[in-house]
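Engineer: Sharing a model prediction with you, sequence too.
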Amino acid sequence: MASDKQPEGQERIGVYVCHCGSNIAGVVDVESVARFAADDLKDRGVVLARDYTFMCSVAGQELIEQDIHEQRLTRVVVAACSPHLHEKTFRGVCERSGVNPYLSEMASIREHVAWVHADKAAATAKAKAIVSGTVERVLQNDPLEAIKVPIDAQTLVVGGGIAGIQAALEVAEAGYDVVLVEREASLGGHMAQFDKTFPTLDCAACILTPKMAAAGAHPKIHLYTWSEVEKVEGFVGSYTVTVRKKPRYVDEDICTGCGICVEKCPVLVVDDKFEAGIGYRKAIYWPFAQAVPNLPVLDPDTCTYYVGGKGGAGGGCKACEKFCPTVPNSIKFDQTEERVTLRVGNIILATGWDLFDARRIPQYGYGRLANVFTNLELERMCNAAGPTGGRVVLRDGQNAPKRVGIVHCVGSRDRHYNRHCSAICCMQSLKLAHLVKERTGAEVYNFYIDIRTPGKEYDEFYQRVLDDGVHFVRGKVAEITDVPFDPAEAGREVEGTLYVQVEDTLAGLQRRIPVDMVVLSAGLEPRRDSAAVGKTFGIACSTSGWFIEKHAKMDPIATMTEGVFIAGCAAGPKDIPASVSQGSAAAARVLNYIRQGELALEPVRASVLEAQCSGCRICNGLCPFNAISFVAERQVSEINAALCQGCGTCVAACPAGAIQGTGFSDAQLFAQIEGLLRDVQREPEAA
Amino acid sequence: MSTPSTPTPFEPVIIGFTCNWCSYRAADLAGTARIKYPPNVRLIRVMCSGRIDPTLVLKALSEGADGVLIAGCHPGECHYLEQNYKALRRHRLLQKTLAQFGIEPARVRLAWASAAEGAKFAGEIAAMVDQVKALGPLNWPARPVPEGRAHADEVAA
């Protein structure tokens, strides 16, 4: 054992071994563990050790409080469940009793011992080792104070889809300023593109646009559309954010949104963004009819002024400028991008999702077979404000389909593309099946792997679509082709027929179903640039590309970076109600911080012992949060405690041992190792 | 202390370093799910696998551990963005150092487990125990304590 180690001063440690009913006591001999602590660890400063049925109960907590007062305990070890469950509880007990909360430690003998081992003797021995390690560690703990930082009330919301709009409105309604940054020219996000919403079939625009308008007109919401966040510096409570405003070539302050420029523009191009490639827009255009703000945007890639060589021989038609009725003219051909620097206390990321590119599955023929559509194309087609005025037609723009196949799980639940379930496409496919049936009377086939309808009234909607007479074929579609299979089929071939080759797993048959229109339910993917965006805001993406929550279940809104929250599909596929809820939830978290005025941060931080720092700067580049900087005057590195998240990488890297990590210092970890190995330690050779 | 002459089968003692966000939670989850694994590994929680200073590993081996497991979040899933890559690099380097010390590099194993992978974590522990059992006890000479240099107390001071 660590015979070279003496108790630090006159520490008085209390050790409490929890039975957790029979959860721990059923496997671990808790009395033996308590006796071990009292007898064998007496020389380490343990003055009392008790075992008790439920340490977390009020009686258990009072037991510790009483001992702290009567036995003058200076440090506390509770051997019970995981610290992730009750660390706060026992820190609270200490704080109430006048012991610094960071002078308590938990030893996990339930999750890491009793529940995973069957051999009672071995489990008890391991529990003793863990208690011994925790006692050594707690001896090295320093009393700490939470770090307090002030919270700037202005909040940044990134992403103007439904989740971001909801979050912005909630914070603004509470009376605080919100900066809402949207990459596209209008608020709305993907929801603005949809026709109806499942399962109620209310019109997406009818329920979304009032919120868009409210956000656009709210005096507390400062809107930056056609803008992106370029740089984020600082930490929770006081972030400095640089927003890049892309040139609209339209003066936001002068333009009245009359639309004459759009009307007069002679250039018609395919709108592959909002209209998903099935409609047209002008070179100067509104993203869509109800755009907020009501300002057009000019596309320099197609405008004749730029395409013909800016101000060159052609000079472009400048019809927009000529017909613009405002004085001075709203069209600004020479507008350049602008950067705006803002101070915010908290950030809500609601950056949404991208549609899976169905071209990646060549056997489904999207982009090659004319009448293979995506779900988004069909949404636009069903929309009364869309390019076909709400008519569902084939690619020829004239004829309605007679037989339609809807393929589920395109790019989702497929190990070649994405393993995740996109969560909304079953319901979206059912909705589209219903709409197609309603508008064209066509025979509709749904090809599905499983039908997933777990939301409120979702399965009822599925039943309704079944009652509509939509056909359901359970099986993953192998191929969509326009090539007849056999001569007999060729003989009866109808121009434009597509054959859906599928194994019907319920009938146990290979089927080849002729249709004239196929709709691919392409799944939701993380934004293509999510890793880069995550880096800008100091948060991480999983390997699949979705942002990672602080805790998938217990803290799905927060991230590992304090003051950065996530809402909506940025963290994974969600339907509209879930996205709206998350927007509100993120706002609630931010408002909580704002109302507190200042925030107490866990004091797990690294700091530089200047006397030992050689100024080598090895740590500077290692920090993922740019918390370490070099102070040239003193030739040492310095850690900004508010930026530091306490990962400890710099502590491990410092060749001089000049960086100490509170909470996980070398002294604590070395002592814990010694304590854990107390029963097997090699005795030092006799000197 | 285990010695090769012990008649009972060799049961190694292994120190496991786990990160607060993924592998420690995976260990918690293994518990919640009552997944059984051998009791030879004793865990230490750090905030991040990037905190694992090679001296911590050497300390554990010198104090009597037969092996060390370092477990972090999966590459790309680190809660501190990318610090587990630093753990990866240090592990590679440390294995070379261990070989130079005459210690089998397989005694120090690096594993990834997300907070959702309780079963995987339990599997990693079982594999680690088998691996060290096959190697036998680490027969390092007794811990030398040169005059004027000691361990944790010095560091703490």
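Structural biologist: Cool, the structure landed.
Engineer: quick one: low-confidence parts of chain B?
Structural biologist: B:1-7, B:140-157 (pLDDT under 70).
Engineer: and if we set it to 90?
Structural biologist: B:1-9, B:21-22, B:25, B:29, B:74-82, B:101-102, B:114-117, B:138-157 (pLDDT under 90).
Engineer: ok, which stretches of it are helices?
Structural biologist: In chain B, the helices defined using DSSP state H lie at B:23-32, B:54-62, B:83-101, B:118-135, B:152-156.
Engineer: just checking, what packs against the first one?
Structural biologist: Contacts defined by 3 or more Cβ pairs under 8 Å, 6 or more residues apart in numbering or on different chains; DSSP states H and E place helix B:23-32 against helix A:83-96, strand B:14-19, strand B:41-46, strand B:67-72, helix B:118-135. C-beta here means a position set from N, CA and C on the backbone, and glycine is covered the same way.
Engineer: Now do the contacts for the closest residue to chain B within the stretch 201-350 of chain A.
Structural biologist: Chain B sits closest to A:Val232 of the stretch 201-350 of chain A, with a gap of 13.6 Å, by Cβ to the nearest Cβ. For A:Val232, the contact set (Cβ atoms under 8 Å, 6 or more residues apart in numbering or on different chains) comprises A:239-242, A:347, A:536-538.
Engineer: most tightly surrounded among the helices and strands packed on helix B:23-32?
Structural biologist: Per residue and on average, the most neighbours among the helices and strands packed on helix B:23-32 fall to strand B:67-72, with a mean of 28 (mean count of other Cβ atoms under 10 Å in any protein chain shown).
Engineer: quick one on the thing from earlier: would you check which pair of the contacts of A:Val232 lies furthest apart?
Structural biologist: A:Thr242 and A:Gly538 (14.5 Å; Cβ to Cβ).
Engineer: If you count surrounding residues, which of the two has more?
Structural biologist: A:Gly538 (24 against 15; other Cβ atoms under 10 Å in any protein chain shown).
Engineer: How many neighbouring residues does the residue nearest to that one when sequence neighbours are not counted have?
Structural biologist: Excluding its sequence neighbours, the residue lying closest to A:Gly538 (Cβ to Cβ, 6 or more residues apart in numbering or on different chains) is A:Thr561, at 4.5 Å. Residues lying near A:Thr561 (other Cβ under 10 Å) number 24.
Engineer: From what I see, A:Thr561 and A:Lys535 are in contact.
Structural biologist: No - using Cβ atoms under 8 Å, A:Thr561 makes no contact with A:Lys535, being 11.2 Å away.
Engineer: residues contacting the closest residue to chain B within the stretch 1-150 of chain A?
Structural biologist: Residue nearest to chain B within the stretch 1-150 of chain A (Cβ to the nearest Cβ): A:Glu111, separated by 3.0 Å. Contact analysis of A:Glu111 by Cβ under 8 Å, 6+ apart lists A:81-82, B:27-28, B:30-32.
Engineer: For those, give me a markdown table that also has neighbour count and distance to A:Arg589.
Structural biologist: As requested, the contacts of A:Glu111 are exported to a markdown table (neighbours: other Cβ atoms under 10 Å in any protein chain shown; distance: Cβ to Cβ, whole Å):
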| residue | neighbour count | distance to A:Arg589 |
| --- | --- | --- |
| A:Cys81 | 28 | 26 |
| A:Ser82 | 21 | 24 |
| B:Ala27 | 30 | 28 |
| B:Asp28 | 24 | 24 |
| B:Ala30 | 26 | 30 |
| B:Gly31 | 25 | 29 |
| B:Thr32 | 16 | 26 |
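Engineer: Find the pair from those with maximum spatial separation.
Structural biologist: Distances among the contacts of A:Glu111 were taken as Cβ to Cβ; the most separated pair is A:Cys81 and B:Ala30, at 13.7 Å.
Engineer: So what does the nearest residue to A:Phe36 once chain neighbours are set aside have for phi and psi?
Structural biologist: Spatially, and ignoring its direct neighbours in sequence, A:Phe36 is nearest to A:Lys128 (4.8 Å; Cβ to Cβ, 6+ apart). Note on A:Lys128: its backbone torsions stand at phi -60, psi -40 [degrees, to the nearest 10].
Engineer: Could you list which residues are in contact with A:Lys128?
Structural biologist: Neighbours of A:Lys128 in contact, by Cβ under 8 Å, 6+ apart: A:32-33, A:36-37, A:679.
Engineer: Quick one: buried ones out of those residues?
Structural biologist: A:32-33, A:36-37 (16 or more other Cβ atoms under 10 Å in any protein chain shown).
Engineer: Among those, which lie within strands?
Structural biologist: Among those, no member falls in strands (DSSP state E).
Engineer: any idea which of those residues is the one closest to A:Val404?
Structural biologist: Nearest to A:Val404 among those, with distances taken as Cβ to Cβ, is A:Val33, at 67.8 Å.
Engineer: Go ahead and confirm the closest one touches A:Ala123.
Structural biologist: No - counting by Cβ under 8 Å, A:Val33 stays clear of A:Ala123, with 9.9 Å between them.
Engineer: Point to the residue nearest the middle of chain A.
Structural biologist: A:Ala571 (2.7 Å; Cα atoms, centre = their mean).
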